[in-house]
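> Okay, here's the prediction I keep looking at, along with the sequence it came from:
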Amino acid sequence: MRSSVPVLFLGWSLLACTGTGSTGEDTAQCDGASQVSTLALTSDKNGSVDIPVSLGESDAAFMILTESRTGLVSTDGVVDAEGNVVVDWSDWADSKESLTNAFFATDEVSAFNWPIREEDGTLSAGDWTVTASTLDSGGYPKARQDVDVTVIRRACLGSTATLPITIAYAGGLEDDAEVSAAVEAAAERWEEIYGALGINIQVSWISVDIDGSLPEPLTGGGDYAAVYEAAGSTGVVVVVGDDVAGASDLYGEAGGIPGPLLASSHSVVAVSWLVHAGGNARFDADEIEVFAETMAHEVGHYVGLYHPVESGWSAWDAIGDTKRCTSGSACESALGANLMFPYPVCGQECLAQTELSEGQVAVLLNNAGVQ
Ligand SMILES: [Zn+2]
């Protein structure tokens, strides 16, 4: 999420921007292609579900989407083909570092991508197991519940990494020449920002017949499943509306960390053109730059990135090479130019926020939506 927090310009130091776009082994099978399969499973008497994931030699990442029609779901852990636990939610439950929202049972769909970070290691061929839970609205285990599971396995990437994006105009904004020109300019700038990090975004454009005042995708909006389907894409859908949740200070919000790569009420990034255009409702060059950075930032969340530090300065991402800081001034100085900093840092003008660490770029490249 990105909201406007008025802050003083406190100076900053240049971080080395070392995103290299390293894409793993470069063999014939490394084409970044995805294989999608679905399973209908039922949780046991403890509300636990074992999801089998059969991995091939060229599989480099997978996403598991677990959906319940009767309550909440969480993703709890991963066991590799040799029986080793490679990640377990309980190691992260009380952590000041965040790895994935999938561990938290907040909704009827749980999107879990693995691996997440470079330090999570690589996949090996064989029969892996992902564990999930079905829960009631109070967060207690709910026995013997049916779940629909989608498994997306993605091969190692070739020499290029591509993220398909659909930009969807809501509320008839496609007919507003000034707004659409600004969104197009911001999308071009966003392409440059991701391009410099080694990720090509491939943008398609649609318009959708929903109200321009957008609901929050994080809590879920009724029309977003239909919007994702209308996009007909396996990538990320960005909806441009007048506002998000009626807020005058919310630039944008992502439907999850990571967001689901299938249709659900969370399956979009929502952005407000009006908050970017400011009080005069017209765009200048700086506002288009911030708009581009918002789309790049929110889609960063959607493909798995947290803020390197949250704005209370006491919670961080789990990536080894993002700097640790514990106060507003220290964090703006160390991380203010980072694309995933929690708010734009503005004085006379706003700092460009376009940098990612190598570890942050690795998270993006591990997402099953990047081909
Ligand atoms: Zn954010």
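Received it, and whenever you're ready, just let me know what you need. The structure displayed is predicted, hence computed values, not measured ones. Numbers count the residues shown, from 1 in each chain.

> residues contacting the residue lying closest to Asp136 once chain neighbours are set aside?
Distance criterion CB to CB, 6 or more residues apart in numbering; nearest residue to Asp136, sequence neighbours excluded, is Lys142 at 4.7 Å. No exception for glycine: its C-beta is placed from N, CA and C like everyone else's. The contact partners of Lys142, taken as CB atoms under 8 Å, 6 or more residues apart in numbering, are Ser43, Gly47, Thr70, Gly71, Thr134, Leu135, Asp136.

> Roughly how far does Lys142 sit from Gly304?
Lys142 is 28 Å from Gly304, where distance means CB to CB, to the nearest Å.

> try Ile116
Distance from Ile116 to Gly304, by CB to CB: 6 Å.

> Find residues that contact each of these two.
Counting by CB under 8 Å, 6+ apart, the residues touching both Ile116 and Gly304 are Thr100, Val363, Asn366.

> Give me the subset of those lying in strands.
Taking DSSP state E, every one of the shared contacts of Ile116 and Gly304 sits outside strands.

> Could you save those as JSON lines and add columns showing neighbour count, pLDDT and distance to the ion?
Listed next are those as JSON lines, based on neighbours: other CB atoms under 10 Å; pLDDT from 0 to 100; distance: CB to the ion, whole Å:
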{"residue": "Thr100", "neighbour count": "22", "pLDDT": "98", "distance to the ion": "15"}
{"residue": "Val363", "neighbour count": "27", "pLDDT": "98", "distance to the ion": "14"}
{"residue": "Asn366", "neighbour count": "27", "pLDDT": "98", "distance to the ion": "19"}
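
> and the residue nearest to Gly121 when sequence neighbours are not counted, what does it touch?
Nearest residue to Gly121 in three dimensions, chain neighbours excluded: Pro115, at 6.2 Å (CB to CB, 6+ apart). Counting by CB under 8 Å, 6+ apart, Pro115 makes contact with Ala61, Gly121, Thr122, Leu123, Asn366.

> tell me which parts of this structure are close to the ion?
The chain comes close to the ion at residues Met1, Arg2, as judged by CB under 5 Å from the ion.

> one more time with 8 Å, if that's ok
Met1, Arg2, Ala254, His297, Glu298, Gly300, His301, His307, Met340, Pro342 (CB under 8 Å from the ion).

> if we can go back for a sec, looking at Ile116 and Gly304, which one has more neighbours?
Set side by side, Ile116 and Gly304 show more neighbours around Gly304, with 29 against 23, by other CB atoms under 10 Å.

> Around Leu157, how many other residues sit close by?
Counted with other CB under 10 Å, residues neighbouring Leu157 total 26.

> before we move on, the earlier item: looking at the contacts of Pro115, which one is closest to Trp190?
Checking these against Trp190 by CB to CB gives Asn366 as the nearest, at 20.4 Å.

> Show the contacting residues for the closest one.
Here Asn366 is in contact with Ala60, Ala61, Asn113, Trp114, Pro115, Ile116, Arg117, Asp120, Gly304 (criterion: CB under 8 Å, 6+ apart).

> got those as JSON lines, with secondary structure columns?
As requested, the contacts of Asn366 are exported to JSON lines (DSSP: H, G, I helix; E, B strand; the rest coil):
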{"residue": "Ala60", "secondary structure": "strand"}
{"residue": "Ala61", "secondary structure": "strand"}
{"residue": "Asn113", "secondary structure": "strand"}
{"residue": "Trp114", "secondary structure": "strand"}
{"residue": "Pro115", "secondary structure": "coil"}
{"residue": "Ile116", "secondary structure": "coil"}
{"residue": "Arg117", "secondary structure": "coil"}
{"residue": "Asp120", "secondary structure": "helix"}
{"residue": "Gly304", "secondary structure": "coil"}
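
> pretty sure Glu192 belongs to a helix, no?
Yes - membership of Glu192 in a helix is supported by three-state DSSP.

> how close does it sit to the ion?
Between Glu192 and the ion the computed distance is 20 Å (CB to the ion, to the nearest Å).

> Next: Leu262.
Leu262 is 23 Å from the ion, by CB to the ion.

> Count residues in the vicinity of that residue, would you?
19.

> ditto for Ser137
The local packing of Ser137 (other CB under 10 Å) involves 9 other residues.

> quick one, what contacts it?
Contact analysis of Ser137 by CB under 8 Å, 6+ apart lists Gly71, Leu72.

> From Val73, how far out is it?
12 Å.

> Not counting its neighbours along the chain, what's nearest the most centrally placed residue in the chain?
Central residue of the chain (CA atoms, centre = their mean): Tyr302, 1.3 Å from the mean position. Leaving aside its sequence neighbours, Tyr302 sits nearest to Gly259 (CB to CB, 6+ apart; 3.9 Å).

> tell me the phi and psi of that neighbour?
phi -90, psi 160 (degrees, to the nearest 10).

> Next: Met295.
With angles defined as degrees, to the nearest 10, Met295 sits at phi -60, psi -40.

> and it, what does it touch?
Contacts for Met295 were tallied using CB under 8 Å, 6+ apart; they are Ala186, Ala187, Trp190, Val238, Gly252, Val269, Val271.

> so the last one makes contact with Val236?
No - under the criterion of CB atoms under 8 Å, Val271 makes no contact with Val236, lying 11.9 Å away.

> if I pick Ile201, what's in contact with it?
When contacts are counted by CB under 8 Å, 6+ apart, Ile201 touches Thr162, Leu163, Pro164, Ile165, Trp190, Glu191, Tyr194, Gly195.
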